[in-house]
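Predicted model follows, preceded by the sequence.
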Amino acid sequence: MLIKKPDSIKSSEITSHSDYLRRRDFLKKGLYAFAGLGLSGIAEALVKAPGKNPAIANLADAGFSVDEDLTPYDLVTSYNNYYEFGTGKSDPVENSQAFESRPWHVVVEGECEEPGEIDIEDILSGITQEERIYRLRCVEAWSMVVPWVGFPLATLLKRFKPTARAKYVAFETLHDAERMPGQKRAVLDWPYREGLRIDEAMHPLTILATGLYGELLPNQSGAPLRLVSPWKYGFKSIKGIVRIRFTEEQPQATWNMNNPREYGFYSNVNPRVEHPRWSQKYHRVIGGGIFSSKVKTEMFNGYADEVASLYTGMDLRKHF
């Protein structure tokens, strides 16, 4: 098992964020996968033996890293959208402190040969987790650069053997208003739902995140499982996943259901498609006094080389 339960991690084992940031010199040179390591020891292991540890594989030039400054940990984990814990940016960190992400089970169903319920520990058993340094672009026109810990979504999906009828993958967040107090208000139609086309879900860039900055994923960031597809707006990265369903028809997605004129099903980062409240041509990078100067937004959030072929022939203004 690669991830330790929270109560099994000693404070002395956790790498400080300042030490983690000193890895930047070699992080720029590539991305390193790791296996057989507790999350708290990942950064230390990479610092001591980058490229020498047999459990670490070099994944450079795969689109899994960016040559940009990381957003500081305290901003990544305190500036959040997670309506299950409140609609303000600071609400999630304040209202999720008592949330317990273990035990945790995920139901996988629909168009697959081997549906069932799987425990988080079974999900992680035998999986080689990786660090992926991705840009995160919010539809509100701000961005972060986050060092996620996780594994390709495809690795999990293939275990359930989707059939030829599986054209999409649907996701649902936990619905428990006692544990997630924001759900006591009908600001959205709970539970939170999202979906991807099957080829998007199987794409190598798409991961299920279990941690960030070499530590377990904080509650406010979507513990214990969060979807990350870096070429899409952040609200597609559904948090606290408890259900995955293979479907033949396009599934429901919460913000698309809430306001289809403003939020498309695909929600790819596209500076040529304007949102009525936030121009998508530019965005502000979180950090350096909360916001730095404006930066020009790139198509697919800078991942066009990796994902543009998924949408060949599609009108991305119509299918936004």
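Thanks, I have the structure now.

which stretches of the stretch 51-200 of the chain have low pLDDT?
51-62 (pLDDT under 70).

The closest residue in space to Val242 that isn't next to it in sequence: how many residues sit nearby?
Of all residues beyond its chain neighbours, the one nearest Val242 is Leu174 (4.7 Å), with distances taken as C-beta to C-beta, 6 or more residues apart in numbering. Every C-beta, even on glycine, is put in place using the N, C-alpha and C of the backbone. Counted with other C-beta atoms under 10 Å, residues neighbouring Leu174 total 19.

Hmm, Leu174 is touching Trp190, no?
No: applying C-beta atoms under 8 Å as the test, Leu174 and Trp190 come out as separate, 9.7 Å apart.

What segments of the protein are helices?
Chain-ordered helices for the chain, with DSSP state H as the definition, fall at 17-21, 24-27, 42-48, 73-76, 91-95, 120-124, 153-157, 198-201, 254-258, 304-307.

measure the most centrally placed residue in the chain to Gly88 for me?
For the chain, Val228 is the residue whose C-alpha lies nearest the centre (C-alpha atoms, centre = their mean; 2.6 Å). Counting by C-beta to C-beta, to the nearest Å, the gap from Val228 to Gly88 is 23 Å.

do Val139 as well
In terms of C-beta to C-beta, Val139 sits 17 Å off from Gly88.

hey, what's in contact with both of Leu174 and Trp190?
Listed as contacting both Leu174 and Trp190 by C-beta atoms under 8 Å, 6 or more residues apart in numbering are Glu84.

who touches Lys158 in this structure?
Contacts of Lys158 by C-beta under 8 Å, 6+ apart: none found.

Wait, Ile286 touches Ser143, no?
Yes: counting by C-beta under 8 Å, Ile286 sits close enough to Ser143 to count as a contact (6.7 Å).

This protein: strands as residue ranges?
32-34, 57-58, 105-110, 116-119, 129-137, 142-152, 168-173, 193-197, 207-212, 215-216, 226-228, 241-247, 282-286, 291-296 (DSSP state E).

can you put these in CSV and add distance to Tyr263?
Output for the strands of the chain, formatted as CSV (distance: least, C-beta to C-beta, whole Å):
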stretch, distance to Tyr263
strand 32-34, 34
strand 57-58, 37
strand 105-110, 23
strand 116-119, 30
strand 129-137, 14
strand 142-152, 17
strand 168-173, 16
strand 193-197, 11
strand 207-212, 22
strand 215-216, 30
strand 226-228, 16
strand 241-247, 19
strand 282-286, 17
strand 291-296, 23
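
Which one of the ones you listed lies nearest to Ala304?
Closest approach to Ala304 among these is made by strand 129-137 (12.4 Å; C-beta to C-beta).

Output the contacting helices and strands for the closest one.
Secondary-structure packing of strand 129-137 (3 or more C-beta pairs under 8 Å, 6 or more residues apart in numbering; DSSP states H and E): strand 32-34, strand 142-152, strand 207-212, strand 226-228.

Now distance to Thr163 too, for those strands, in a markdown table please.
Formatted as a markdown table, the helices and strands packed on strand 129-137 follow (distance: least, C-beta to C-beta, whole Å):
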| stretch | distance to Thr163 |
| --- | --- |
| strand 32-34 | 30 |
| strand 142-152 | 20 |
| strand 207-212 | 21 |
| strand 226-228 | 22 |
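
tell me the most buried of the ones you listed?
strand 207-212 (a mean of 25; mean count of other C-beta atoms under 10 Å).

Return the distance of that strand from the chain's centre.
6 Å (C-alpha atoms, centre = their mean, to the nearest Å).

repeat for stretch 175-189
With C-alpha atoms, centre = their mean, you get 21 Å for stretch 175-189.

again, but for stretch 193-209
10 Å.

Only the buried residues of that stretch, if you could.
Using 16 or more other C-beta atoms under 10 Å as the test for burial, stretch 193-209 gives 193-198, 200-203, 205-209.

With stretch 170-188 instead?
Ala170, Phe171, Glu172, Thr173, Leu174, Arg179, Met180, Pro181, Gly182, Gln183, Leu188.

what sits against the residue nearest to Ala177 when sequence neighbours are not counted?
Spatial nearest neighbour of Ala177, chain neighbours left out: Gln183 (4.1 Å); criterion: C-beta to C-beta, 6+ apart. Residues near Gln183 by C-beta under 8 Å, 6+ apart: Glu84, His175, Asp176, Ala177, Trp190, Pro191.

how about 10 Å then?
Going by C-beta atoms under 10 Å, 6 or more residues apart in numbering, Gln183 touches Tyr83, Glu84, Phe85, Thr173, Leu174, His175, Asp176, Ala177, Trp190, Pro191, Tyr192.

rewinding a little: looking at Val139 and Gly88, which one has more neighbours?
Val139 (21 against 13).

Quick check: the more buried one touching Asn81?
Yes: if you go by C-beta atoms under 10 Å, Val139 and Asn81 touch, sitting 9.5 Å apart.

shared neighbours, those two?
With C-beta under 10 Å, 6+ apart as the test, Val139 and Asn81 both reach Gly234, Phe235.

Look at Ser90 and say how many residues are nearby.
12.
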